[in-house]
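Pasted the sequence and its predicted model underneath.
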Amino acid sequence: MGELNLLIVGPAVVLCLINIFFCVRDLFRYEMQSLFAGMVLIYVPTNLYGMLLLPFIELKAIHEQKFSYEILSHQYLGFLVLNFAVFAMFLVREFLMRNRPPLRSNFASIRLHGFLANGIFWFTVFYSCLFILMKRGRLADFIRIVASGNFQAYYNYRKELIFEKATTNFLINNLDSIFVYGMLYFFVGLFAWNYFRLKRFDYRLFIVTPLLLLTAVLRFQKAPLVIALCAILFAWIYSRRFSSKALSNFIKVIFGGGVVLIVIYMIYSLLGFEGSILHGLHDRILVSPAFTSYGFYWTFPDHHGFLRYGGSRTFNLIFGFGQDRELLTYLGTAPLIVSQFFYGATEFFNFNTGILGEGYAQNGYWGVAQAAFVLFGVFLWWDYIFLKRSPWRAYAPVLIFCFSQFMVILNSGMLSIFSTGFLLIPMMYCMMFWRQR
């Protein structure tokens, strides 16, 4: 078991608290319009809380012989590196955002007009319909599995889909991620935001919402239901103007978020997940990110060498990185490798985690810093673009899209910014509405 190294834990906790202070300050300063501060505030405290609890809770996957304070100390060291990277970015932010003009993103609405805006919308609809047509055979399998109540079969089917995706054309995979996964959520949030601001319903919400739900079924994913609910929640939040003097606005946000989280867990219960609402939300949101990261520090490098980004299928196809047979056995992805070594069985096929674990698997502690700079650096860049360089442009649609996918940030590596559109979709938004001043 060993002992926890307090010389690592202490600085990690202190630096984490400093970063949390900066996050809260910036959210008040920028009237909730800070993607960088919001994402850091979601990710950093959640992982700290989970790591503090790991020695005291019973989790099915942490067998007694696999829990070690030495491994947990390594995880805290990775967390310390991550917080140093975040703190450095806060200093960069202070430099970039000096002499920032006042916020003026007060559009009455954002309307789709013009060839480019309507073209992107209808291409998203067309591509989603094409996806449904190509994958329609999965619908019968989904209905059969749900009717049988055999949810292990559900996970086994998802495992097969992962292997199937690995053999699919690189371009097709990325188009699926951007349009079927990303743009549908973006348009749901955009149309909901317009409705809450103007009380005027846009018929196109009736087009994108069914497409989102049906494509989620064909992908055998629960997350789209959660993200759609969160997109509507954040659309309601950002339909109001926040001020540090209006505390009631922040109370409404907390209350609305609690209601949506309860609805989310009820959906999970209907799908066969058991347990109390509070216990289920607690484990899924607050404990799971730290627990899964622990599995990565247990696996790398003692049981498997660092991947050095050679296991990334995307990087492999673009830059020609080599993959040996061992990596190909697990599709070269860190979550599947950890699942095989940590469990020693195939009961759980995926071990998704955030950059704290994924970055470490790729390049050790340097990998954690690299992943933090890439992932949170993208959010810092969008804050700079919308709050400093283009303060007249409405930031809310981007905030709604990104914040609604907070579970992606908690449970995915830095490549999620590419695969789910955190990088590309705000660019497309700028192109669609660049004339609206």
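Thanks, I have it. This one's a predicted model, so the numbers in the text were calculated from it and none came from an experiment. Numbering: from 1, shown residues only.

where does the stretch 301-437 of the chain dip in pLDDT?
Counting by pLDDT under 70, the low-confidence segments of the stretch 301-437 of the chain come to 310-332, 344-350, 415-416, 418-419, 434-437.

hmm, try it at 50
Applying pLDDT under 50 to the stretch 301-437 of the chain flags residues 316, 318-321, 324-325, 327-330, 437.

Could I get the full set of helices for the stretch 151-300 of the chain?
Assigned by DSSP state H, counting those that start in this stretch, the helices in the stretch 151-300 of the chain fall at 151-166, 170-175, 184-198, 205-218, 223-237, 247-270, 277-281, 288-299.

Contacts made by the fourth one with the rest, please.
The one in question is helix 205-218. Residues from elsewhere that reach helix 205-218, judged by C-beta atoms under 8 Å, 6 or more residues apart in numbering: 124-125, 128-129, 131-132, 135-136, 138-139, 142, 180-181, 184-185, 187-188, 191-192, 195, 222-225, 228. Using the backbone N, CA and C atoms, a C-beta is placed for each residue, glycine as well.

could you give me the average pLDDT of that helix?
Helix 205-218 carries an average pLDDT of 90.

Could you turn the buried ones of the contacts of helix 205-218 into a ChimeraX selection?
Of these, the buried ones go into a single ChimeraX selection, burial set by 16 or more other C-beta atoms under 10 Å:
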select :124,125,128,131,132,135,138,180,181,184,185,187,188,191,192,195,224,225,228
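
Show me the chain divided up by domain.
Domain ranges of the chain: 6-105+275-392, 115-240, per automatic domain parsing.

could I get those domains as CSV with distance to Ile409?
Below are the domains of the chain laid out as CSV (distance: least, C-beta to C-beta, whole Å):
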stretch, distance to Ile409
domain 6-105+275-392, 6
domain 115-240, 12
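
Which among those is found nearest to Met427?
For the domains of the chain, proximity to Met427 was assessed by C-beta to C-beta; domain 6-105+275-392 is nearest, at 9.6 Å.

and Ile232, how many neighbours?
Ile232 has 23 neighbours, counted by other C-beta atoms under 10 Å.

ditto for the one 5 residues further on
By the criterion of other C-beta under 10 Å, Ile237 has 22 neighbours.

any idea how far it is from Thr353?
Using C-beta to C-beta, to the nearest Å, we find Ile237 at a distance of 27 Å from Thr353.

Check Leu198 too.
With distances taken as C-beta to C-beta, Leu198 is found 40 Å from Thr353.

neighbour-wise, which of those two wins?
Using other C-beta under 10 Å as the criterion, Leu198 and Thr353 rank with Thr353 on top: 28 against 12.

How about the contacts made by the more buried one?
Pro289, Thr292, Ser293, Gly295, Phe296, Pro335, Asn411, Ser412, Gly413.

would you list those residues in JSON lines and tack on distance to Tyr203?
Converted to JSON lines, the contacts of Thr353 look like this (distance: C-beta to C-beta, whole Å):
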{"residue": "Pro289", "distance to Tyr203": "39"}
{"residue": "Thr292", "distance to Tyr203": "41"}
{"residue": "Ser293", "distance to Tyr203": "44"}
{"residue": "Gly295", "distance to Tyr203": "46"}
{"residue": "Phe296", "distance to Tyr203": "46"}
{"residue": "Pro335", "distance to Tyr203": "40"}
{"residue": "Asn411", "distance to Tyr203": "34"}
{"residue": "Ser412", "distance to Tyr203": "33"}
{"residue": "Gly413", "distance to Tyr203": "38"}
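
quick one: which of those is nearest to Lys66?
Closest to Lys66, out of all of the contacts of Thr353 and judged by C-beta to C-beta, is Gly295, at 8.6 Å.

count of neighbours near the closest one?
If we define neighbours as other C-beta under 10 Å, then Gly295 has 25 of them.

Where does the prediction get shaky in the stretch 1-150 of the chain?
In the stretch 1-150 of the chain, residues with pLDDT under 50: 60-61.

how about a cut-off of 90?
1-4, 24, 27-33, 49, 53-69, 97-118, 135-150 (pLDDT under 90).

State the distance from Val338 to Pro55.
20 Å.

Return the set of buried residues in stretch 7-19.
Neighbour counts over stretch 7-19 (16+ other C-beta under 10 Å) mark Ile8, Val9, Ala12, Val13, Leu15, Cys16, Asn19 as buried.

could those be laid out in a markdown table, adding secondary structure and distance to Ser404?
Converted to a markdown table, the buried residues of stretch 7-19 look like this (DSSP: H, G, I helix; E, B strand; the rest coil; distance: C-beta to C-beta, whole Å):
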| residue | secondary structure | distance to Ser404 |
| --- | --- | --- |
| Ile8 | helix | 34 |
| Val9 | helix | 33 |
| Ala12 | helix | 29 |
| Val13 | helix | 29 |
| Leu15 | helix | 28 |
| Cys16 | helix | 25 |
| Asn19 | helix | 23 |
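
Among those residues, which one sits closest to Gly357?
Ranked by distance to Gly357 (C-beta to C-beta), these are led by Ala12 at 15.3 Å.

How about that closest one, nearest residue that isn't a chain neighbour?
Spatial nearest neighbour of Ala12, chain neighbours left out: Leu80 (4.0 Å); criterion: C-beta to C-beta, 6 or more residues apart in numbering.

Can you give me the distance of Arg98 to Phe386?
Distance, Arg98 to Phe386, by C-beta to C-beta: 16 Å.

Those two - which one has more neighbours?
When neighbours are counted by other C-beta under 10 Å, Phe386 comes out ahead of the other of Arg98 and Phe386, with 26 against 8.
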